[in-house]
Each structure stands twice: as C-alpha cells, then as structure tokens.
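Student: Sequence unavailable; structure follows:
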DNA sequence: TAGATTGTTAATCGATTAACAATC
DNA sequence: TAGATTGTTAATCGATTAACAATC
C-alpha cells in the first residue's frame, strides 16, 4: 500500500507541469532543482521532495531531463488518458467553458452540454450540441463520461450531482456555490468557488491597505 | 503589529460565511462551534481557533449569534465595502463573469469590460459597456477601480497586468494561465487556474480508480 | 577523478487537534 | 447555582526546509 500523497503536493504538480512545458518550448533540455526553484520561487528542497513522492526522475550530477519529467508528471496527473466531459448547465459559464479549446491540449474533451431551457435545444457551442436535461440518462448510458461539470444554479446542483453519480459518473467539477452532499458515494469532486476566490482577494486588499 | 494570519485560515472564511448565510435563511439564531462543526465537517476546535484569530465573537455557555458572526466575517472579508471591478478580455469567460449577478450581493460590482476586438466596441453585457483597450488608461484615471479581472490570452496578461498596477489598480483577479511577474509592486493577486483545477481532478480520478 | 546534484534522512516550522480553565 | 460552551494553552501531527551521503 502506497503512502497517501497530500493534496498540498497535488496542487503543486500542475504548476511544475506548466513550467516544464514552457522550458520545452524554450528549448531547454535539462534543469536542476536549484535552477527550477529560482524560476518558480519555491525551494529546491520542496521540488525534490515533491517529485520523489512519485519516483526518482532525476540523476545525480545532472539534474532532470525536462522532456522526460514533463511526460512523467503528465502521466501522474492522468493527462495521458483522454477524459470526456459533459457540462450540465449551458448558461454563460457553461458555454464559456465549452469554448475553451485549451483543455483539449491536456486530453479533456467536452462532448456535450445539457440544459433545461428549451430555447437552447439543438444549439451548438463550438460544434458541441446542447441537449435537454431529460436526455441526460440516455446519453450517460451510451457514452463514456469521465467528468460532469456543474454550472447550473446551486439549488439544483445537489440533486443532479447525486443523480449523475448514481448513473456511474466518477468525477464532478463543481462550479455551483454549494458543498455537494454525496454521502457514501464513490466519487471525486473538485470545487471551483469563484465567489470564495473573490472574497479571499477582497480580504487581502483590505489587509494590504492597512500596511 | 498584528500577527500574520495564514492563508489557510483565509481560505476557510468564505465557507464559514456561506454556512452562516444559510443558517440565517433557515431562521437559526445561535449556533455552537460543535453544531457548526458537524454541519461543515471540520473540527469545532478549528472553528474556534480560526475565529479567534480575528476576535472573540462568541459567548461562553451560549455559542455564537449567527447574524452577528455573519456580519463580522463579512467585515473581515471586506464585504462591507463596495468593490468596483473591470474585466479585461471580453471573450467568453469575461462575458460569462460579467453576467454573474451574484457577485453584486457581496459588494462586487462590474463596471466595465475591455477588449481589443473592434466588433465588440460599444456592445453591452447585462448593461455593462465593452470598451476598447486603448480607452483603459482614461477609464482607470476617471473611475475607482478596485479589482482588474484578467480574462485575456496568457501571452498578453503579464504586460497588461503590469500596466494596470502602474495605473494604480490595487488588485488583480487572474484567470490567465500564467504566474504574473509583478516584481516589487504593491499589488494583491488571486489566481484562478481552471486547467490546474481540472488536472487535480484528473489526478484524483486516477488515484480513486486504483483503490 | 572531481564536481555537481540528486534522493533521502533529520531538523524545524507551522497548522491542527485536544484539553481545560474561564465565564456566561 | 449548574450546565454549556467559549477562548486559549498545550500536545500532536504534518508539511517544509536543511543537510548530507550516495552517485552520476
């Protein structure tokens, strides 16, 4: 049994991945933890500790091969596999997310949107069809859905989330401003609470003024 | 000099605020840390420690007055003051954020959008005008701008961010997928990296499958 | 071989939890 | 007054940093 890797480490992995991607684009072949640490403004020690949670990717006296490390982190983050995403709630935010081409670069493909608004029926966003919510069950049964994105009003989020999980959807990307109650269900949830983010910013503005 | 309050605490404050708001709506007048802890699934000890960073809001033998605590946390988060927001980048995400009415409930008011696309000139999103980027300087000089939201492509984010800070904008809400380089500048930054969020979710999906 | 840099153990620091005296 | 519950100190736990032996 592997020791559990803390979410603090996981949160840093996409950032390593991003910097390594930039280094590849810049034509850099190898990098030391010390060099990377000064670019990223974290300690070299933390970089080495973080990476060694997953294995020894470096070489003494040499450092890390940028391309190799990039690919390994990609695998750790599951980016070597394609993830099909549906978006439930085709309002402004849902459609904005559907328009984000960049996610596909990392293997995240949006395959459908759902909404209750009949005006949207059959419309397409970047070629992706908006379905009616009552078609959801059929769709999930006949398509591989890896992630369901929740961009509907919070009053409906909990019911739909539970329904999706019961249909077998293994992961939820939740933009609704509630804590989903998915008791005893085997599902992975990632919350994006934009209001919370704004409030944190607001706190830091007040604090910064006081200095 | 106050002791510095950790960002770990700050990240939890909006969640307390949200639960207290729901308790008010539910007509609950007072609550103990123990009661709140079982609802929120954190320890009562943590709740009391967190709150006591800012002051003693409770009363022995009674607990916390919900409405009072809600208001006090609101003040801590700076929600008693109005914050004017501009959105730089009026693409899908920028417009989606402009359409979010809910932010106003917390005092965050979006007063303008900016873009380089001439097709958008003069258009309005929920009554909020889209300006051309070359009008930015004049606008910032003549209007109180508390927060600039960056929803433009990452290649432009750094330059515009630096420019905004030089114009006197004290805070940046950054949706561009880069770490802004604002060396030696007195500015507060809050990042929302949606790709990173998806990657964390992806990692947890892989991990969850292995169990 | 000598120099560089990792992987990993040990030390430190900070955050969380437990315990309980203070007090409403 | 007795019971409840906070505010706060002390104990524990976990995460970060420092140090260095291993090794390329």
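Tutor: Done, it's in. Here the structure is a predicted model, which means the values were calculated and not measured. Numbering: from 1, shown residues only, chains lettered A, B, ... in the order given.
Student: drop to CA atoms for contacts and neighbour counts, all remaining ones
Tutor: OK.
Student: Make sure I have this right: residue A:67 is in a helix.
Tutor: Yes. Under DSSP: H, G, I helix; E, B strand; the rest coil, residue A:67 sits within a helix.
Student: number of nearby residues for residue A:191?
Tutor: The number of residues packed around residue A:191, counting by other Cα atoms under 10 Å in any protein chain shown, is 19.
Student: what sits against it?
Tutor: A:173, A:174, A:175 (Cα atoms under 8 Å, 6 or more residues apart in numbering or on different chains).
Student: Could you tell me which of the residues you listed belong to strands?
Tutor: A:173, A:174 (DSSP state E).
Student: could I get the contacts of residue A:191 as JSON lines with pLDDT, neighbour count and distance to residue A:69?
Tutor: What follows is the contacts of residue A:191, written out as JSON lines (pLDDT from 0 to 100; neighbours: other Cα atoms under 10 Å in any protein chain shown; distance: Cα to Cα, whole Å):
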{"residue": "A:173", "pLDDT": "98", "neighbour count": "22", "distance to residue A:69": "27"}
{"residue": "A:174", "pLDDT": "98", "neighbour count": "23", "distance to residue A:69": "30"}
{"residue": "A:175", "pLDDT": "98", "neighbour count": "21", "distance to residue A:69": "31"}
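Student: Partner strands of the strand ranked longest in chain A and their direction?
Tutor: Secondary structure assigned by DSSP E gives strand A:108-115 as the longest strand of chain A. Sheet pairing for strand A:108-115, assigned by DSSP bridges, gives strand A:83-88 (parallel), strand A:128-132 (parallel).
Student: tell me the most buried of the ones you listed?
Tutor: Neighbour counts (mean count of other Cα atoms under 10 Å in any protein chain shown) averaged over each of the strands paired with strand A:108-115 peak at strand A:83-88, with a mean of 23.
Student: Counting by contacts, list what the helix or strand following that strand packs against.
Tutor: Next along the chain after strand A:83-88, taking DSSP states H and E as the criterion, comes helix A:92-98. Packing contacts for helix A:92-98, counted by 3 or more Cα pairs under 8 Å, 6 or more residues apart in numbering or on different chains; DSSP states H and E, involve strand A:83-88, helix B:92-98.
Student: State the next helix or strand along the chain beyond helix A:92-98.
Tutor: Using DSSP H and E, the helix or strand that follows helix A:92-98 in sequence is helix A:102-105.
Student: Quick one: residues contacting residue A:11.
Tutor: By Cα under 8 Å, 6+ apart, the residues touching residue A:11 are B:196, B:200.
Student: Can I take it that it is in a strand?
Tutor: No. Read with three-state DSSP, residue A:11 is helix and lies in no strand.
Student: Please tell me how far it sits from residue B:55.
Tutor: Taking Cα to Cα, to the nearest Å as the measure, residue A:11 falls 31 Å from residue B:55.
Student: and chain B, which of the contacts of residue A:191 contact it?
Tutor: Filtering those for neighbours of chain B using Cα under 8 Å from any Cα of the partner chain leaves residue A:173.
Student: Which single one of the contacts of residue A:191 is nearest to chain B?
Tutor: For the contacts of residue A:191, the residue nearest chain B by Cα to the nearest Cα is residue A:173; the value is 7.5 Å.
Student: what's near enough to touch that closest one?
Tutor: So residue A:173 contacts A:147, A:148, A:149, A:150, A:189, A:190, A:191, A:192, B:198, B:201 (Cα under 8 Å, 6+ apart).
Student: what about the first one, how many neighbours?
Tutor: Right, residue A:147. When neighbours are counted by other Cα under 10 Å, residue A:147 registers 26.
Student: hang on, it packs against residue A:168?
Tutor: No. With contacts counted by Cα atoms under 8 Å, residue A:147 stays clear of residue A:168, the gap being 10.4 Å.
Student: Within range of DNA strand C, give me the residues from chain A.
Tutor: For chain A, the residues in contact with DNA strand C (Cα under 7 Å from any atom of the strand) are A:31-34, A:44-45, A:48-49, A:51-52, A:55-64.
Student: buried subset of the residues you listed?
Tutor: A:31, A:32, A:33, A:34, A:44, A:48, A:51, A:57, A:58, A:64 (16 or more other Cα atoms under 10 Å in any protein chain shown).
Student: So which of the residues you listed are in helices?
Tutor: A:33, A:34, A:44, A:48, A:51 (DSSP state H).
Student: how about the residues you listed, which pair is most distant?
Tutor: Greatest spatial distance in those: A:34 and A:51, 13.6 Å, computed using Cα to Cα.
Student: list the contacts for residue A:82?
Tutor: Contacts for residue A:82 (Cα under 8 Å, 6+ apart) come out as A:107, A:108, A:109.
Student: any idea how far the closest residue to residue A:83 other than its chain neighbours is from DNA strand D?
Tutor: For residue A:83, ignoring the flanking residues on the chain, the nearest one in space by Cα to Cα, 6 or more residues apart in numbering or on different chains is residue A:108 at 4.8 Å. Counting by Cα to the nearest atom of the strand, to the nearest Å, the gap from residue A:108 to DNA strand D is 27 Å.
Student: Tell me, how many residues neighbour residue A:108?
Tutor: Using other Cα under 10 Å as the criterion, residue A:108 is surrounded by 22 other residues.
Student: That one touches residue A:85, doesn't it?
Tutor: Yes. The criterion here is Cα under 8 Å, and residue A:108 meets it with residue A:85 at 6.8 Å.
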